[in-house]
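*Asks:* Structure for this input, please:
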Amino acid sequence: MEKRIETPITREAARALKSGDAVLLSGVIYTARDAAHKRLCELAEQGKPLPIDIENATIYFVGPTPAKPGQAIGSAGPTTSYRMDAYSPTLIALGQTGMIGKGKRGPEVVEAMKKYGAVYFGAIGGAGALLSRCIVKSEVVAYEDLGAEAIRRLTVRDLPVTVIIDSEGNNLYETGRQQYLAEHKK
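*Replies:* Prediction:
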């Protein structure tokens, strides 16, 4: 059964999600990849305000392609999340509650998720054209000089994601594999 979630995702809402939950996400999310994450963390270290409201924010690790006429955005598939691992704990401590990407996360990220109450969603890699259909509005809000990696404010409707790692540290990449092997052991 899919859960319908509206952003912003509070810490309480993040803690209610469990690894393996199928989610249809709607509302405002932001895009950012490693270059933008680095700039955000540098601002935080300097005590300066961030160009986005990080409190209860969800960040999609994506560098979308240019939009075709009549589209809000081009292909928007997830990028490999570990490239944000050096920065995610800082942003989670500042209030970020959701991340969307693909692939494994490091132990420091998982510990920050457990400490502060955040969730890591997986989106299907290779399905960027299909995922972009769930994006109804896109606008660059910071770091336009980064091109495709600029921070964008997206309005999404029913973006299909799966909870990979929940706020208790349960990891679908581990538990799913264990479950599969247990079911298929002969």
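*Asks:* ok, Gln178 - how many residues close by?
*Replies:* Residues contacting Gln178 under the criterion other Cβ atoms under 10 Å number 9. Every C-beta, even on glycine, is put in place using the N, C-alpha and C of the backbone.
*Asks:* nope, Pro89 is what I was after
*Replies:* Neighbouring residues of Pro89 were enumerated by other Cβ under 10 Å; the total is 22.
*Asks:* Tell me who's in contact with it.
*Replies:* 108-109, 111-112 (Cβ atoms under 8 Å, 6 or more residues apart in numbering).
*Asks:* Could you rerun that using 10 Å?
*Replies:* For Pro89, the contacting residues are 41, 96, 106, 108-113, 115-116, 118, taking Cβ atoms under 10 Å, 6 or more residues apart in numbering as the criterion.
*Asks:* centre of the chain versus the strand or helix carrying it, how much separation?
*Replies:* Pro89 is part of helix 88-93, with elements assigned from DSSP states H and E. Taking the mean of its C-alpha atoms, helix 88-93 sits 13 Å from the chain's own mean (Cα atoms, centre = their mean, to the nearest Å).
*Asks:* Which strands or helices does the next helix or strand along the chain from that helix pack on?
*Replies:* Next along the chain after helix 88-93, taking DSSP H and E as the criterion, comes strand 98-101. With contacts taken as 3 or more Cβ pairs under 10 Å, 6 or more residues apart in numbering; DSSP states H and E, strand 98-101 sits against strand 22-31, strand 58-60, helix 88-93, strand 119-122, strand 151-165.
*Asks:* export strand 98-101 as PDB, just CAs?
*Replies:* Backbone C-alpha positions of strand 98-101 (Å, rounded to 0.1, in the frame of the first residue of the first chain) are rendered in PDB as follows:
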ATOM      1  CA  GLY A  98      14.200  14.100   3.600                       C
ATOM      2  CA  MET A  99      16.600  13.100   0.900                       C
ATOM      3  CA  ILE A 100      15.900  11.500  -2.500                       C
ATOM      4  CA  GLY A 101      18.500   9.700  -4.500                       C
END
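*Asks:* Find me the pLDDT at the spatially closest residue to Gly106 that is not a sequence neighbour, would you?
*Replies:* Excluding its sequence neighbours, the residue lying closest to Gly106 (Cβ to Cβ, 6 or more residues apart in numbering) is Asp85, at 4.2 Å. pLDDT, Asp85: 97.
*Asks:* Does Asp85 touch Ile92 like I think?
*Replies:* No: Asp85 lies out of contact with Ile92 (Cβ atoms under 10 Å); the separation is 11.2 Å.
*Asks:* The two: which has the busier surroundings?
*Replies:* Relative neighbour count places Ile92 above the other of Asp85 and Ile92, with 23 against 17, counting by other Cβ under 10 Å.
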